[in-house]
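Engineer: Here you go, sequence then predicted model.
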Amino acid sequence: MKYASAILVALLAIISSLLLTGRFRRFALKRGLMDLPNSRSSHETPTPRGGGVAIVITVLVLLALIAATSDQYSGYNELKRTMSLMMSGIVAAAIGYADDHGGTPVLARLGAHFAAAAFAIVATGTAPIAHELHLPLSLSFIAPIVASLYLVWMVNLTNFMDGIDGLASIETLTVCVGGILCVLLYQHLHPWPTNIPRMQGDYNASIATALPFIVAASTMGFLFWNWPPARIFMGDAGSGFLGIMLGAMSLAAAAFAPHLLWSWMILLGAFITDATLTLLRRIIRREKFYQAHRSHAYQHAARRWGHQKVTVAFGAVNLLWLTPIALAVGSTRLNAFLALAIAYAPLLIAALYLKAGMPE
């Protein structure tokens, strides 16, 4: 994406998402679509919900426009992958929207999440996972299974972590920025010979940078309304969409350069550690882990220091701690597994200190 085009796309995404969120807020207020405070929520005043649909619409429309106007998407395979990526987001957003407006059975949600994961896998492939896990050809079938479980966990993880004002938005924004920097650094360090056509590599690089760019800009427009104190919530439609997109973007980056998968695992570390530790502790205590609760580390922290300070802290950790480590891995200057240990250790310590997964 050229600089002039990137600036235009960013402005379109920010303005469209900002205006659409405002319209959805007015619609929610008119129809009484409010998220009411209860014993399991982290907010104290009734707040409109469903604003994340603005992100969904903005991202899908811009992705479709880019696919329709770019030479990199003109081949059948590229168009098929782009359509599969869009379908993945649509399915995740649709089941989330249904859940926002009356609720859906757990198995129905899970089935939809696996369907969204399947579309994402068609778009990105799983060869990088097989490569990074050092799977022999006879065990290559494990890669799609691992990818599906990972993507479904990303959908639910993002939903779990969307519990205080601005948190899921700032996480998405900062992770996308880190992901873009990792791809750009790799391209700078490994320039492609000018006399050799890149072909498929062009598409992978485009998706690995253009998609997070669009998602980040769209989320920025929504964040204007979602910043603490939030005037509208994202809802399951928005969080589910962002969850599958974050997972798909990490696989797309890995399709461009396999070791970038670990860079994305590092960038997502703050959400992964809190959500996973909380889930494990709730399972051990035999609680209904799929029900809403207030026992995540970030929720304990928000009750102590307030939503805004916790949201800012997550953004600062992502940009100042996780992004530099992810860049070191992306440039192949740091071993991936060592980097994961370095990145995750203080996050796990903080989650334990904040009693992630423990009741109030």
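Structural biologist: The structure has been received and is ready for your questions.
Engineer: what are the ranges of the strands in this structure?
Structural biologist: Secondary structure of the chain (DSSP state E): strands at 34-35, 47-48.
Engineer: What helices and strands are in contact with the first one?
Structural biologist: Looking back up the chat, that one is strand 34-35. Helices and strands touching strand 34-35, by 3 or more C-beta pairs under 8 Å, 6 or more residues apart in numbering; DSSP states H and E, are strand 47-48. For glycine as for every other residue, the C-beta is placed from the backbone atoms N, C-alpha and C.
Engineer: Go through the strands of the chain and pick out the most buried.
Structural biologist: strand 47-48 (a mean of 22; mean count of other C-beta atoms under 10 Å).
Engineer: List the contacts of that strand.
Structural biologist: 24-25, 28-29, 33-35, 230-233 (C-beta atoms under 8 Å, 6 or more residues apart in numbering).
Engineer: how about 6 Å then?
Structural biologist: 25, 28-29, 35, 232-233 (C-beta atoms under 6 Å, 6 or more residues apart in numbering).
Engineer: can you pick the most crowded of the residues you listed?
Structural biologist: Within these, neighbour counts (other C-beta atoms under 10 Å) peak at residue 233, which reaches 27 neighbours.
Engineer: From residue 226, how far off is the residue lying closest to that residue once chain neighbours are set aside?
Structural biologist: The shortest distance from residue 233 to any non-neighbouring residue, by C-beta to C-beta, 6 or more residues apart in numbering, is to residue 49 (4.3 Å). According to C-beta to C-beta, to the nearest Å, residue 49 stands 11 Å off from residue 226.
Engineer: and those two? which has more neighbours close in?
Structural biologist: Counted by other C-beta under 10 Å, residue 49 and residue 226 do not tie: residue 226 has more neighbours, with 28 against 23.
Engineer: So that one sits against residue 166, correct?
Structural biologist: Yes - between residue 226 and residue 166 there is a contact at 5.3 Å, judged by C-beta atoms under 6 Å.
Engineer: got the contact list for the residue nearest to residue 223 when sequence neighbours are not counted?
Structural biologist: Distances taken as C-beta to C-beta, 6+ apart place residue 169 nearest to residue 223, at 4.4 Å, with adjacent residues excluded. Going by C-beta under 6 Å, 6+ apart, residue 169 touches 219, 223, 226.
Engineer: Just the pLDDT at residue 169, thanks.
Structural biologist: As predicted, residue 169 sits at a pLDDT of 98.
Engineer: What separation do you get for it and residue 354?
Structural biologist: Residue 169 is 21 Å from residue 354, by C-beta to C-beta.
Engineer: can you check residue 82 too?
Structural biologist: 40 Å.
Engineer: okay, these two: which has more neighbours?
Structural biologist: residue 82 (23 against 20).
Engineer: Residue 98 against residue 109, yeah?
Structural biologist: No - judged on C-beta under 6 Å, residue 98 makes no contact with residue 109 at a distance of 8.6 Å.
Engineer: The two: which has the busier surroundings?
Structural biologist: When residue 98 and residue 109 are compared for neighbours, residue 109 comes out ahead with 23 against 16, by other C-beta under 10 Å.
Engineer: Where does pLDDT dip in this structure?
Structural biologist: 1-4, 39-41, 71-76, 192-204 (pLDDT under 70).
Engineer: wait, which of the strands of the chain is closest to residue 126?
Structural biologist: Residue 126 sits nearest to strand 34-35 of all the strands of the chain, at 36.6 Å, using C-beta to C-beta.
Engineer: distance between the closest one and the chain's centre?
Structural biologist: Chain-centre distance of strand 34-35: 23 Å, with C-alpha atoms, centre = their mean, to the nearest Å.
Engineer: just stretch 43-52 next, same as before
Structural biologist: The answer for stretch 43-52 is 20 Å, by C-alpha atoms, centre = their mean.
Engineer: Check stretch 157-165 too.
Structural biologist: With C-alpha atoms, centre = their mean as the basis, stretch 157-165 stands 11 Å off its chain's centre.
Engineer: pretty sure residue 351 contacts residue 296?
Structural biologist: No - between residue 351 and residue 296 there is no contact under C-beta under 6 Å: 8.6 Å.
Engineer: Which stretches in the stretch 101-250 of the chain count as helices?
Structural biologist: 106-124, 127-132, 142-161, 167-189, 200-226, 235-256 (DSSP state H, counting those that start in this stretch).
Engineer: ditto for the stretch 251-360 of the chain
Structural biologist: Using DSSP H, counting those that start in this stretch, helices in the stretch 251-360 of the chain cover 260-267, 269-284, 297-305, 307-317, 323-330, 336-353.
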